[in-house]
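**Student:** Predicted model and sequence below, questions to follow.
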Amino acid sequence: MTASSTQPDVRTAKPTAELAGTNQADPASAPAVSAQKLCVEIEGRVILDRITLEVPVGQAVALMGANGAGKSTLLGVLATLKPPNSGELRLFGGHGIAAAAAARGRIGVISHQPMLYRDLSVRENLEFFGRLYDVPRARDRAAEVLSLVGLAGRADDAVKTLSRGMVQRAAIGRALMHDPAMVLADEPFEGLDAPSARSLEALWRRLRAERRTLIMANHDVARALALSDRAVVLRRGKVVLDRPCAETTGERVLEEIARP
């Protein structure tokens, strides 16, 4: 059984380096994300430079910036798949290694790669990931998700026979199988045709209406602002703009992205 990309093991992925201390989560009023002075260096190059960010539960955040600004790295840290070199990260109020492991079960990740088994059907993929997350009645949940992402009619087709847009829908279904409280998406619209993009926009609005916490990296500034509550712009690993979408414009965002 060969995957189209390397699938992170959600059960054993390494937690962030500075999640040390108590394992007990704070009350339900705690923010979904509380990051303090996160730093990431790779081969001596600073990728994230003292990022401080707090995201309340239920907020939709548009994460924007030029290529190399640090968006994908930040999403990897928030997913607990990439440890920071320094700083502190709390997810849903939890602090500590056990809390980080528990948080993974509440996070859905949509990355550049679909992380699906190409030779398996869409249904088989969803059921597999459902079992990986200990989802009760994984087959029933897979049927619900297939309907949600508009793939009920292709449920028994192998992933390798699907179009790019359908593969992306299947990947989104994978990320939603365990009914996550927070969804992290890295350029989910990349490579989609217009109908597939509209379907994804409708799904994103539905997730937003359900008050899930959403953080999406997106190069399309107009679309990102339309689908989000808050705009966060990174430049060279730093937060250079953090404002409600209603209080900013696409021109302002582009100006911050392009500023030397």
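**Tutor:** It's in. Numbers count the residues shown, from 1 in each chain.

**Student:** got the contact list for stretch 228-246?
**Tutor:** Residues outside stretch 228-246 that contact it (C-beta atoms under 8 Å, 6 or more residues apart in numbering) are 40, 46-53, 55, 59-66, 68-71, 74, 208, 214, 216, 224-226, 248, 252-253, 256-257, 259. Using the backbone N, CA and C atoms, a C-beta is placed for each residue, glycine as well.

**Student:** And for stretch 108-116, what's in contact with it?
**Tutor:** 3-8, 72, 75, 79, 81, 125, 159, 167-168, 170-172, 174-178, 180, 182-188, 190.

**Student:** next SSE after the one helix or strand in the chain whose mean pLDDT sits lowest?
**Tutor:** Least confident helix or strand, the chain: helix 97-104 with a mean of 76, by mean pLDDT, DSSP states H and E. Per DSSP states H and E, helix 97-104 leads on to strand 107-110 as the next helix or strand towards the C-terminus.

**Student:** Quick check: neighbours of that next one in the sheet, parallel or antiparallel?
**Tutor:** Here strand 107-110 has these sheet partners by DSSP bridges: strand 182-186 (parallel).

**Student:** Okay, buried residues for the helix or strand following the partner strand please.
**Tutor:** Later in the chain than strand 182-186, the nearest helix or strand by DSSP H and E is helix 194-209. Neighbour-count burial for helix 194-209 flags S196, A197, S199, L200, L203, W204, L207, R208 (criterion: 16 or more other C-beta atoms under 10 Å).

**Student:** Test of understanding: give the bridge partners of the residue nearest the centre of the chain.
**Tutor:** When C-alpha atoms, centre = their mean is applied to the chain, the residue found nearest the centroid is L184 (1.1 Å). Beta-bridge pairing of L184 under DSSP bridges involves V109, I215.

**Student:** and it, what does it touch?
**Tutor:** L75, L78, A79, I107, G108, V109, I110, I215, M216.

**Student:** Check what pLDDT it gets.
**Tutor:** The model reports L184 with a pLDDT of 97.

**Student:** now it: how far from D134?
**Tutor:** 20 Å (C-beta to C-beta, to the nearest Å).

**Student:** quick one: low-confidence ranges for the stretch 1-150 of the chain?
**Tutor:** For the stretch 1-150 of the chain, the stretches flagged by pLDDT under 70 are 1-28, 95-98.

**Student:** that older thread, turn the buried residues of helix 194-209 into JSON lines, columns for distance to L146 and pLDDT.
**Tutor:** Output for the buried residues of helix 194-209, formatted as JSON lines (distance: C-beta to C-beta, whole Å; pLDDT from 0 to 100):
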{"residue": "S196", "distance to L146": "16", "pLDDT": "84"}
{"residue": "A197", "distance to L146": "20", "pLDDT": "89"}
{"residue": "S199", "distance to L146": "13", "pLDDT": "87"}
{"residue": "L200", "distance to L146": "15", "pLDDT": "90"}
{"residue": "L203", "distance to L146": "13", "pLDDT": "91"}
{"residue": "W204", "distance to L146": "18", "pLDDT": "94"}
{"residue": "L207", "distance to L146": "16", "pLDDT": "94"}
{"residue": "R208", "distance to L146": "21", "pLDDT": "95"}
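
**Student:** mind checking which helix or strand R141 is in?
**Tutor:** Judged by DSSP H and E, R141 forms part of helix 138-148.

**Student:** for that helix, which positions count as buried?
**Tutor:** Within helix 138-148, the residues scored as buried using 16+ other C-beta under 10 Å are A138, R141, A142, A143, V145, L146, L148.

**Student:** ditto for stretch 160-169
**Tutor:** Neighbour counts over stretch 160-169 (16+ other C-beta under 10 Å) mark L162, G165, M166, V167, Q168, R169 as buried.

**Student:** Next: stretch 99-116.
**Tutor:** 99-101, 103-104, 106-111, 114-116.
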